[in-house]
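J.: Need a 3D model of the following:
(chains A and B)
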There are 2 protein chains.
Amino acid sequence: MDPEAFRAAGHLVVDRLADYLASVERYAVLPAVEPGSLGPLFAASAPEEPEAIGAILDDYARLVEPNVTHWQHPGFMAYFATTASGPGILGEMLTAGIGSNAMLWRTSPVATELEMVVVGWLRQALGLPDSFDGLLTDTASTSSLIALGAAREAAGLDAAARGLAVRDDIGRPRVYASAEAHSSIEKACMTLGLGREALVRVPVNERFELRVEDLEAAIARDRVAGHQPIAIVATLGTTSSTSVDPVAAMAEIAEREGLWLHVDTAYAGAVAIIPDRRAPFAGWERADSIVVNPHKWLFTPLDASLLLTRRMDRLRDAFSLVPEYLRTLDRDAPVRDFNEYTPQLGRRFRALKLWIQLRWFGLAGLRRRLERHLELAQAFAAWVDAEPDWERLAPVPFSTICFRYAPARLADDPDGIDELNAALMDAVNRTGEVFLSHTRLNGRFAIRVAIGSLRTEPRHVSRAWELLRREAGTLEAAPAGILAPAPAASVAPSPTARSTAGRSAGTAPSS
Amino acid sequence: MDPEAFRAAGHLVVDRLADYLASVERYAVLPAVEPGSLGPLFAASAPEEPEAIGAILDDYARLVEPNVTHWQHPGFMAYFATTASGPGILGEMLTAGIGSNAMLWRTSPVATELEMVVVGWLRQALGLPDSFDGLLTDTASTSSLIALGAAREAAGLDAAARGLAVRDDIGRPRVYASAEAHSSIEKACMTLGLGREALVRVPVNERFELRVEDLEAAIARDRVAGHQPIAIVATLGTTSSTSVDPVAAMAEIAEREGLWLHVDTAYAGAVAIIPDRRAPFAGWERADSIVVNPHKWLFTPLDASLLLTRRMDRLRDAFSLVPEYLRTLDRDAPVRDFNEYTPQLGRRFRALKLWIQLRWFGLAGLRRRLERHLELAQAFAAWVDAEPDWERLAPVPFSTICFRYAPARLADDPDGIDELNAALMDAVNRTGEVFLSHTRLNGRFAIRVAIGSLRTEPRHVSRAWELLRREAGTLEAAPAGILAPAPAASVAPSPTARSTAGRSAGTAPSS
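T.: Just a heads-up that it's a prediction; the model follows:
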């Protein structure tokens, strides 16, 4: 594609995206499609001969755009709602166009040095001391894997060199995290050869926070049994309920026991850019590593995870390999080659989008947006609390509310409440106006409303609450049989969701 | 950023990129900058207040664009030359703008199903049977890590659950790869807890191909010692010399021994889209897993690695975790949730760019471009072979030539030849017109010319050869002291590199 053809097509794509962002509300958040129904819409094989870009982009508009789950939709309140901000998208465009691989300093000097700059910006914004260095990875899964890989080395296992198998000089490695810790911690244990069994799930209190005394007991028990504790993971903002582990007390234990402390605050960490809101994080500055995901609540397009650490040397012990073909010969001074700190060699130039969007928003601008989300969440929590038939299931330290509909008639039927809430969530999602997800807390079904999209306005949050009450009423009025989810084939977007098309332009004021 | 502001800024960015692609030759491929000199050009902290996008993009043009290593430059012949094609960049723009996370079917149905479609397209194009399924990952490092993680499970180690440490029911795991295998295989062993020691580096023959008899002997020796062989890695197109391991014979051994066979053909695999060129791959269809990187020689912007496998179930054994908050409740039919096959949870919508660019190029168009690169490489090899003072150091099965300058006067001074070639490569790179990298073969310094950029034309390849001979002549004419690399501070782009600015528009006819 010659540069002028690229220019012409690029302008078409920009217009397509601008139109999409302006009118995303005309789509149901969750597309009304059946598994397996989309693949057959595409050709079974790649074409032999070139096709015109116009035809391809038309197919994009027809086949792809309507059939994504619309993470850019202001009604997206599932999982952790995230937005690809406008300036972030511009950054991705430049990253793709410049095409540099940030694996070595030499393979893209400014990609490496700007990454160091941006890591510093974020560290300062989060209020962490300059003893923290770090890097950008793709996801929190990778960041936590790197942290635990480094912990393996810091514990003296020499695992990178010798491996873990058939060693009589080490105990069974143990990693401690709360029962509410994210699955990425467990997956890191699987990947790293520690095994799921290495992860000790420490019980939580009624607020879903790790119980410190149980952590201490678990470590003591394992020491007696000859196991080898290597790391503690504190989660500040768990995935289910956004609960906050007592990181200061955990840091105390980690220091006393000589264990690596990793802080997983992939979602909630962003809040620490607001100095007044740093109470939940007090003590995290004693961690060995911290993960915060800009691609969650800092509005960066996938993917961008920030891994901060006070022990870059240990990351390097775990992941550095410098074969001859990657050696830089003509430099006297050592340079930072970021691939030495990661399981992957190739690396995208992720710092660029962060640099652009941190400047475009400004820290004050980001703080304002987070404050708004925090306030909206408090408002929603208050609505739930005010209704006797609704039950909030966890505190709301950040922007996510866990709750359920629990009418008095089902007071003695916890399974019935679960079923009702699963049906309720399904019914609400089928309206197409919002998309909610669920979890289980204390074994019970909990609907989650996660507020975090740049485009979510007060009206979307109140509409979610309206829909929940409306659909709850409908379900209560219906004969019992209807509580089972309708066959998925019958899913269709609600007229309401579709009818917003005409008035949705301009609803994304500042994303 | 409201949609209209995004539209305006997006058009600016597209123009900037089109101009960049049209005139990339005005830059020295490798920017003439010192380590540590770029960071201070940027603000030390993120701004408090928002900045205008125009000012940010101006800074991009001033500080970033000139200071990347120009992977889009037609003179980029280092490592494996790669290009971010125009249609690929358009795909990245849409992926960023749509902002979907392809972790679950539910979180982006078309991202999941289009990934299945595109994996099928690539599989067919490569001539592999439909017993191969697969997925897209970020890099070959991750693809190979996944393959070896699956091999761990297939070997019955139950490592994902139980871990590898302190087990008396398993032997010491062993992975076999040639001495020339990529560092990503070794790094995967480190990450997976197998350890670098688990990797048995099998010797190569004079063509740098794994010696089958040595592989058999190594496995037999390890069995006697009570070790536990789990996988063999065949590399088709090694990183240093692009040598081709005897994959059919290795498949035979893998089947006989009950070992996982992983084929790393991240670079060269693309050639298999040309049916007449499939001879080096004969037997790879018996592999358990194969990695081919579209972001290398299929011109896809970073990142996109294709992992094909006949054993998706084993990948799932190694990497699947389904916590409640990721469970899909309202579907009767099982769906494919790609995160169950990868160490990461979050996933970019990478299929989109592949779908766009496979259609835009057409398979015939891709074949034509690869054929051109293969021919250019043969021409370069012939030039080297024709000059008595130059020595080719490896066969050229694909598009990469390894060679050195070995004047008769240094016939008895191998270290002197190494030093001379290091200085020569440095001198050539300093011209700014091309960028070459090196490796070592049989312990000796080898310059590599890797042809693989969409924008590389015959004139760039002949210019590289011209520069090599010119700089070799200059070095030979110079007093001995000058052979040491000049202090890096003196690096400056050559006038030649700069002077091409005026005539470079339109030099990228079909990228």
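J.: can you tell me the helix or strand for the residue nearest the centre of chain A?
T.: Geometric centre of chain A, nearest residue: A:Lys296, 4.9 Å, by C-alpha atoms, centre = their mean. Using DSSP states H and E, A:Lys296 maps to helix A:294-297.
J.: So that helix, near chain B or not?
T.: Yes - judged by C-beta under 8 Å from any C-beta of the partner chain, helix A:294-297 comes into contact with chain B at A:His295. The C-beta positions use only the backbone N, C-alpha and C, and glycine is treated the same way.
J.: Tell me which residues are up against that helix.
T.: A:80, A:82, A:122, A:139, A:266-271, A:300-306, A:354, A:370, A:373, A:399, A:452, B:346 (C-beta atoms under 8 Å, 6 or more residues apart in numbering or on different chains).
J.: Report the contact partners of the closest residue to A:Val292 other than its chain neighbours.
T.: The shortest distance from A:Val292 to any non-neighbouring residue, by C-beta to C-beta, 6 or more residues apart in numbering or on different chains, is to A:Gly269 (3.3 Å). With contact set as C-beta under 8 Å, 6+ apart, A:Gly269 has these partners: A:Leu126, A:Leu236, A:Gly237, A:Phe281, A:Ile290, A:Val291, A:Val292, A:Asn293, A:Trp297.
J.: how many other residues sit next to the fourth one?
T.: With neighbours defined by other C-beta atoms under 10 Å in any protein chain shown, the count for A:Phe281 comes to 24.
J.: neighbours of the spatially closest residue to it that is not a sequence neighbour, just the number please.
T.: The spatially closest residue to A:Phe281, leaving aside those adjacent along the chain, is A:Ala272, at 5.0 Å (C-beta to C-beta, 6+ apart). Residues near A:Ala272, counting by other C-beta under 10 Å, number 23.
J.: what secondary structure does A:Ala272 sit in?
T.: In three-state terms, and counting by DSSP: H, G, I helix; E, B strand; the rest coil, A:Ala272 is helix.
J.: Repeat that for A:Ala231.
T.: A:Ala231 ends up strand, using three-state DSSP.
J.: Tell me what it is bridged to.
T.: A:Val175, A:Trp260 (DSSP bridges).
J.: Return the residues in contact with it.
T.: Contacts of A:Ala231 (C-beta under 8 Å, 6+ apart): A:Ala147, A:Leu148, A:Ala151, A:Ala155, A:Val175, A:Tyr176, A:Leu259, A:Trp260, A:Leu261, A:His262.
J.: Distance check, the closest residue to A:Glu197 other than its chain neighbours against A:Ile230.
T.: Closest residue in space to A:Glu197, ignoring its immediate chain neighbours: B:Arg162 at 5.5 Å, by C-beta to C-beta, 6+ apart. Using C-beta to C-beta, to the nearest Å, B:Arg162 is found at 17 Å from A:Ile230.
J.: ditto for A:Pro50
T.: Per C-beta to C-beta, A:Pro50 is found 54 Å from A:Ile230.
J.: and the two? which has more neighbours close in?
T.: Shown here are A:Pro50 and A:Ile230; by other C-beta under 10 Å, A:Ile230 has more neighbours (26 against 18).
J.: residues in contact with that one?
T.: Applying C-beta under 8 Å, 6+ apart, one finds that A:Ile230 lies in contact with A:Leu148, A:Ala151, A:Arg152, A:Ala154, A:Ala155, A:Leu157, A:Pro173, A:Arg174, A:Val175, A:Leu259, A:Trp260.
J.: Repeat the analysis, applying 6 Å as the threshold.
T.: Applying C-beta atoms under 6 Å, 6 or more residues apart in numbering or on different chains, we find A:Ile230 in contact with A:Ala151, A:Ala155, A:Pro173.
J.: ok, now A:Ile290?
T.: The neighbours of A:Ile290, taking C-beta under 6 Å, 6+ apart as the test, are A:Val263, A:Leu308.
J.: And the pLDDT at it?
T.: Looking at A:Ile290, its pLDDT stands at 98.
J.: Quickly list what it is bridged to.
T.: Applying DSSP bridges, one finds that A:Ile290 bridges with A:Val263, A:Leu308.
J.: Return only those of the contacts of A:Ile230 found close to chain B.
T.: Counting by C-beta under 6 Å from any C-beta of the partner chain, A:Pro173 from those sit close to chain B.
J.: from the chain's centre, how far out does the helix holding A:Lys296 sit?
T.: 7 Å (C-alpha atoms, centre = their mean, to the nearest Å).
J.: mean confidence score for that helix?
T.: Helix A:294-297 carries an average pLDDT of 97.
J.: Then stretch A:340-359?
T.: Computed over stretch A:340-359, the average pLDDT equals 97.
J.: Now the terminal residues of that stretch, how far apart.
T.: One end of stretch A:340-359 to the other measures 29 Å (C-alpha to C-alpha, to the nearest Å).
J.: One more: stretch A:196-211?
T.: Stretch A:196-211 has an end-to-end distance of 21 Å (criterion: C-alpha to C-alpha).
J.: repeat for stretch A:99-108
T.: End-to-end distance for stretch A:99-108, by C-alpha to C-alpha: 10 Å.
J.: Number of residues surrounding the nearest residue to A:Ser243 once chain neighbours are set aside?
T.: The shortest distance from A:Ser243 to any non-neighbouring residue, by C-beta to C-beta, 6+ apart, is to A:Phe208 (3.6 Å). A:Phe208 sits with 23 neighbouring residues when counted by other C-beta under 10 Å.
J.: Just the buried residues from the contacts of helix A:294-297, in PyMOL please.
T.: Of the contacts of helix A:294-297, the buried ones can be selected in PyMOL as follows, counting by 16 or more other C-beta atoms under 10 Å in any protein chain shown:
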select buried, (chain A and resi 80+82+122+139+266+267+268+269+270+271+300+301+302+303+304+305+306+354+370+373+399+452) or (chain B and resi 346)
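J.: What are the contacting residues of stretch A:146-157?
T.: Under C-beta under 6 Å, 6+ apart, the answer for stretch A:146-157 is A:159, A:170, A:188, A:192, A:230-231, A:260, A:262, A:289, A:307, A:314-315, A:317-318.
J.: Check the offset of stretch A:118-125 from the chain's centre.
T.: 19 Å.
J.: and that stretch with chain B, contact?
T.: Yes - contact of stretch A:118-125 with chain B (C-beta under 6 Å from any C-beta) involves A:Trp121, A:Gln124, A:Ala125.
J.: Now pLDDT and neighbour count too, for those, in CSV please.
T.: CSV is the format used below for the residues of stretch A:118-125 next to chain B (pLDDT from 0 to 100; neighbours: other C-beta atoms under 10 Å in any protein chain shown):
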residue, pLDDT, neighbour count
A:Trp121, 98, 22
A:Gln124, 98, 17
A:Ala125, 98, 22
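J.: Among those residues, which lie within helices?
T.: A:Trp121, A:Gln124, A:Ala125 (DSSP state H).
J.: Among those, which one lies nearest to chain B?
T.: Taking C-beta to the nearest C-beta as the measure, chain B lies nearest A:Trp121 of these, at 4.0 Å.
J.: quick one: contacts for that closest one?
T.: Contact analysis of A:Trp121 by C-beta under 6 Å, 6+ apart lists A:Leu358, B:Ser45, B:Ala46.
J.: just A:Arg7 next, same as before
T.: The contact partners of A:Arg7, taken as C-beta under 6 Å, 6+ apart, are B:Ala18.
J.: mind checking how far the one helix or strand it maps to is from the chain centre?
T.: Assigned by DSSP H and E, A:Arg7 belongs to helix A:3-23. With C-alpha atoms, centre = their mean as the basis, helix A:3-23 stands 28 Å off its chain's centre.
J.: ok, then the element right after it?
T.: helix A:53-59.
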